[in-house]
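Asker: return a 3D structure for these sequence lines:
(one chain, ligands or ions: 2)
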Amino acid sequence: MAGKENAHGCEWWKSAVIYQIYPRSFFDSNGDGIGDLRGIIEKLSYLENLGIDAIWLSPVLKSPQDDNGYDISDYRDIDPMFGDGKDMEDLIAQAKKHKIRIIMDLVLNHSSDEHAWFQEAKKSRDNPYHDYYVWRDGKEGKAPNDMRAVFGGPAWEWVPEVGQYYFHQFSVKQPDLNWENPKLRTELYDMINWWIQKGAGGFRLDVIDQIAKEPDRRITGNGPKLHEYIREMSRETFQKADLVTVGEAWSATPELAERYSNPDHSELSMVFQFEHICLDQIEGKEKWDLAPLPFLRLKEVCEKWQTQLYQKGWNSLFWNNHDLPRIVSRWGNDREYRTESAKMLAILLHGMQGTPYIYQGEELGMTNVQYEIEEYRDIETLGMYRERLEQGLDKESVMRSIHAKSRDNARTPMQWDDSENAGFTTGTPWIKVNPNYRQIHAADQIGDTESVFWCYKELIRLRKEYPVFVDGKFQMLFKEHSAIFAYTRTDETAELLVLCNFFGDTVSCPMETDADRKLLIGNYRDVDSYGRTLRPYEARIYLKEKQVN
Ligand code: GLC
Ligand code: CA
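Answerer: Ligands and ions are numbered 1, 2, ... in the order given. Here you go, the predicted model:
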């Protein structure tokens, strides 16, 4: 099925805004310190008020939680930490009443080592499940090669019972699934169809570009059979219903994204690409460090994706997720211009073409944290801390990297109000609440038209009101300007002009924002209508409607 159309005459997810929930940090309904499904149900009116169309739910399936649920031990059961199957059904049904769909997170590259399949697989080489995973004999008592796992250590683990190594791209508790095995693939498709029957509104596919790995050739991303597998999966599952699908693809280029998001629906609706997010990341060994933002490069990359996918594919738009530091701390100013810069980043992103994703707390301008090492919980952060100290780096510099980059920056509890623990839990939170919750919280912002929350709410509303937000063609302006990010979006009915000062100094505006443009949104109260200057982090969107004969 091609997908139902919305009021703008395109697939519903093209005018949708999707909100990501990291369940363990969203809202705790029973005081055990961990967010849960009932907690999400309690907050559905908050989300409806914001105006979002769907929730991407990070994994809530049964898991030993080695990587916070990205290590699944039963794909059809809910982890008791989050609730049970009934709670999940209720969430889907209740969300529907608020016109919100639930997008599940599918982790198909690997399972938990505690999954029944793996328990069987490691019993013997001729166990029927053995071939569900990726095994190699090794050479003279040594691993088949020196590939490393993302969270540190070797990518191979020896199992004496079978006398073989299994391959794991992530933690040792996340063995890679063997997609070459057609039985495994069929089993996964059955499971996906089961969730479609349960009413899932779509799927986010974890590290989908890594499923077609070929470790003998050291291939992890973009294996030769990748698109064959995705097309098969799409045919067997997604295409049978009206769903949105988004693949996480760190290795995607615009050319690859055209294939993934081909309008013929043969693969996925869209992918998360990360080119715009990795710009200030130093590649290679030092991948964990951030350099100053190369601003002109950011503009180039955004322009490239906006232009190349126009009418040939579909973009996702995001600054944040559960793996990334908070954008207001990274590229905005989380001190004196926190509100202005958080809004500027929102306006800049939501003006572009694609489906915007909001990560929980982003709509409040939540910030990074600077904790002591004992207060971190993330497996990647802790692994990298250990590895770097072993390499002889000094603790201070390691902590600086962690403060800038740790995934826990995004995982601190949602800040609901200024009561104890930000109103997230009545118990002891599984991870410390950001100490700034007394200043930054939802209760303070919901009714305040000058809040970050309100800005997001307005941006969502505008997207629904003006089709040009959905289909307008992108054109970058002032490419060489060292502080301004500006572009237009044009269709037959209108032209949008998006003007953003990306930094903290006032700059003069390189164009006149003439009187026939209507100001749709801005992040300063007293907008001077001729807009001769752009104040620190100032951002505005103007609309010029065309005469229709
Ligand atoms: C994805 C997830 C991340 C997880 C990894 C392994 O990148 O977003 O949180 O650790 O895959 O599943
Ligand atoms: Ca709970």
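
Asker: gap between M384 and ligand 2?
Answerer: 29 Å (C-beta to the ion, to the nearest Å). From N, CA and C alone the C-beta is placed, and that goes for glycine too.

Asker: these two touch, right, that residue and W288?
Answerer: Yes. With contacts counted by C-beta atoms under 8 Å, M384 reaches W288, the gap being 5.7 Å.

Asker: what do the two both touch?
Answerer: S401 (C-beta atoms under 8 Å, 6 or more residues apart in numbering).

Asker: in the chain, which helix has the most residues?
Answerer: In the chain, taking DSSP state H as the definition, the longest helix is helix 182-197.

Asker: need the nearest residue in space to F424, chain neighbours excluded.
Answerer: P413 (3.7 Å; C-beta to C-beta, 6 or more residues apart in numbering).

Asker: does the one you found really touch P429, like I thought?
Answerer: Yes. Counting by C-beta under 8 Å, P413 touches P429, with 5.2 Å between them.

Asker: how about N127: what's its closest non-neighbour residue?
Answerer: In space, N127 is closest to E120, 5.2 Å off (C-beta to C-beta, 6+ apart).

Asker: how many neighbouring residues does the one you found have?
Answerer: E120 has 14 neighbouring residues, counting by other C-beta atoms under 10 Å.

Asker: what average pLDDT does the helix or strand hosting it get?
Answerer: Assessed by DSSP states H and E, E120 sits inside helix 116-121. Throughout helix 116-121, pLDDT has a mean value of 98.

Asker: ok, the helix or strand following that helix: who's next to it in the sheet?
Answerer: As assigned by DSSP H and E, the chain's next helix or strand after helix 116-121 is strand 135-136. Sheet pairing of strand 135-136 (DSSP bridges) gives strand 164-167 (antiparallel).

Asker: for the partner strand, C-alpha coordinates in CSV please.
Answerer: Output of strand 164-167 as CSV, limited to C-alpha atoms (Å, rounded to 0.1, in the frame of the first residue of the first chain):
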residue,chain,number,x,y,z
GLN,A,164,34.2,-21.1,17.5
TYR,A,165,34.1,-17.3,17.8
TYR,A,166,31.0,-15.3,17.3
PHE,A,167,31.0,-11.8,15.8
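
Asker: centre of the chain to that strand, how far?
Answerer: 30 Å (C-alpha atoms, centre = their mean, to the nearest Å).

Asker: over to stretch 168-180?
Answerer: 21 Å.

Asker: what pLDDT, on average, does that stretch get?
Answerer: 98.

Asker: what's the answer for stretch 411-423, then?
Answerer: Stretch 411-423 comes out at a mean pLDDT of 98.

Asker: with adjacent residues omitted, what lies nearest to I431?
Answerer: R377 (5.0 Å).

Asker: so that neighbour sits in a helix?
Answerer: No. Per DSSP: H, G, I helix; E, B strand; the rest coil, R377 lies outside any helix segment and is coil.

Asker: surely it and W430 touch.
Answerer: Yes. Between R377 and W430 there is a contact under C-beta under 8 Å: 7.0 Å.

Asker: burial count for the residue nearest to I431?
Answerer: 18.

Asker: quick one: end-to-end length of stretch 205-223, please.
Answerer: Using C-alpha to C-alpha, to the nearest Å, one end of stretch 205-223 lies 16 Å from the other.

Asker: nearest to ligand 2: which residue in the stretch 401-549 of the chain?
Answerer: T425 (7.3 Å; C-beta to the ion).

Asker: gap between the spatially closest residue to that residue that is not a sequence neighbour and I34?
Answerer: Excluding its sequence neighbours, the residue lying closest to T425 (C-beta to C-beta, 6+ apart) is D28, at 3.8 Å. Plainly put, D28 is 6 Å away from I34 if you go by C-beta to C-beta, to the nearest Å.

Asker: what touches both of the two?
Answerer: What both D28 and I34 touch, as defined by C-beta under 8 Å, 6+ apart, is the set T425.

Asker: residues from this structure in reach of ligand 2?
Answerer: Residues of the chain found near ligand 2 (C-beta under 5 Å from the ion) are D28, N30, D32, I34, D36.

Asker: what secondary structure does the residue lying closest to G504 once chain neighbours are set aside sit in?
Answerer: The spatial neighbour of G504 that comes closest, neighbours along the chain excluded (C-beta to C-beta, 6+ apart), is P536 at 4.5 Å. Following three-state DSSP, P536 is assigned to coil.

Asker: cool, I541 as well?
Answerer: From three-state DSSP, the assignment for I541 is strand.

Asker: from memory it sits against R517, does it?
Answerer: No. In this structure I541 lies outside contact range of R517 using C-beta under 8 Å: 9.6 Å.

Asker: higher neighbour count, these two?
Answerer: Neighbours were counted for I541 and for R517 using other C-beta under 10 Å; I541 has more, 25 against 19.

Asker: which residues are in contact with the most centrally placed residue in the chain?
Answerer: The centroid of the chain falls nearest to N321 when counting by C-alpha atoms, centre = their mean (3.8 Å). Shown in contact with N321 (C-beta under 8 Å, 6+ apart): Q20, F272, Y357, Y359, A410.
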